[in-house]
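Novice: predicted model and sequence below, questions to follow.
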Amino acid sequence: MNRPARELSATMAAAIFRGNEHITIERVPIPRVDEGEVLVRVGKTALCGSDFKLWHKGAEFTAGHEIFGRVEQPGHRLHDQRCCIYIPLHCGHCASCRRGDTQMCLEVSSLIGWNRPGGYAEYVLVPENCLLPVPDDIEDRLAPLLLDTIGTSAHAVRFAGRTVPPGEGSSVLVTGAGPVGLGVVLALQAVGYDDILVSDPNEERLDIARSFGARPHPTDDTSRLFALIVECSGAHAARNRGINVVLPGGAVVLVGENAAPWTITEDKVFRRKDFHMIRTFYFPKSDLDLNIALLRAHKNRYASLIDAEFGLDALPDAFARFAHGEYVKPLLAME
Ligand SMILES: [Zn+2]
Ligand SMILES: [Zn+2]
């Protein structure tokens, strides 16, 4: 039996990104549930560097896209299910979706937390096919890592591995040691890459990379060439350096994002070699089990990335500290 409809006046707390580095916490209506969608009570939402642009420019919808929570839909078959939220909406029947590439559906292009309200709020409304059930042995606070930190990075590694498989001579440079870059290091090791170097101007992040078994590499070094470069910073300088230092026949994988126009100079370094430039985005929904296995295998290492946890009222201040580089992967904890 379905619970009586919520009062139309029912409200919830949500963070509003107003722009100019200003966030307010306000009461907004709890979303009305439409056919095929469910309401999820947000448990933990991981903060993400990709939200910085919303912090600067303002957000049309409630931000927050690394969401874990529980379905709150009495009478629904998934009521009370612990879930992560898969943010790309997807039709399930186009050629991409049928191939399993739900992250690049040909019919719908809309992301939860970007093009519709996300998880910096008490509730988030999601299509049923965006629920990723989380097994009981994965703690609430680690569950959001299954998304960008593990999902995005592991997909990049799996996809790149088709072009530059692990093995002798498959040296890898990871540029950018944020949560995705560090996730790339662990995903590379899991599939057998053993010569992994990491560049980042931030010494503390390099220390984490070192603790994961990767070797630091100076950001301005162009003397050594690599079979595989996984670019996770989004910085144009790092992308251009990747093109410079990729070995003939190798691959530069663009995982980091940057909305500003990027200029590539077709100098002789660019012209005079065969190499692959690969872009990967998010991950196929069907990768979930593999990603859960990765999290189980390296729980302590992934857990070491979470370095702060706070409630919604503290989000405006905590987000500013995050934007100033104080945290690696902080969590908004709603309970
Ligand atoms: Zn993210
Ligand atoms: Zn589709």
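Specialist: Cool, got the structure. Ligands and ions are numbered 1, 2, ... in the order given.

Novice: show me where this structure has its helices.
Specialist: 52-57, 95-99, 153-161, 179-190, 203-211, 236-245, 268-271, 288-297, 299-303, 315-323 (DSSP state H).

Novice: now render the ones you listed as a markdown table, adding mean neighbour count, mean pLDDT and distance to ligand 1.
Specialist: C-beta here means a position set from N, CA and C on the backbone, and glycine is covered the same way. Output for these, formatted as a markdown table (neighbours: other CB atoms under 10 Å; pLDDT from 0 to 100; distance: least, CB to the ion, whole Å):
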| stretch | mean neighbour count | mean pLDDT | distance to ligand 1 |
| --- | --- | --- | --- |
| helix 52-57 | 16 | 96 | 11 |
| helix 95-99 | 14 | 97 | 21 |
| helix 153-161 | 23 | 98 | 11 |
| helix 179-190 | 26 | 98 | 8 |
| helix 203-211 | 16 | 97 | 16 |
| helix 236-245 | 19 | 97 | 18 |
| helix 268-271 | 10 | 94 | 30 |
| helix 288-297 | 18 | 97 | 15 |
| helix 299-303 | 15 | 97 | 15 |
| helix 315-323 | 18 | 97 | 12 |
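
Novice: kindly reformat those as CSV containing distance to Gly36.
Specialist: Formatted as CSV, those follow (distance: least, CB to CB, whole Å):
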stretch, distance to Gly36
helix 52-57, 27
helix 95-99, 15
helix 153-161, 26
helix 179-190, 31
helix 203-211, 41
helix 236-245, 39
helix 268-271, 47
helix 288-297, 20
helix 299-303, 32
helix 315-323, 30
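
Novice: residues of the stretch 101-250 of the chain that sit close to ligand 1?
Specialist: Asp148 (CB under 5 Å from the ion).

Novice: just the pLDDT for the residue in the stretch 101-250 of the chain that ligand 2 sits nearest to.
Specialist: Residue of the stretch 101-250 of the chain nearest ligand 2, by CB to the ion: Cys105 (3.2 Å). What the model reports for Cys105 is a pLDDT of 98.

Novice: what's the answer for the one 3 residues further on, then?
Specialist: Val108 is assigned a predicted lDDT (pLDDT) of 96.

Novice: measure the nearest residue to it once chain neighbours are set aside to Val198 for me?
Specialist: If the residues on either side of it in the chain are set aside, Val108 comes closest to Leu89, at 4.6 Å by CB to CB, 6 or more residues apart in numbering. According to CB to CB, to the nearest Å, Leu89 and Val198 sit 34 Å apart.
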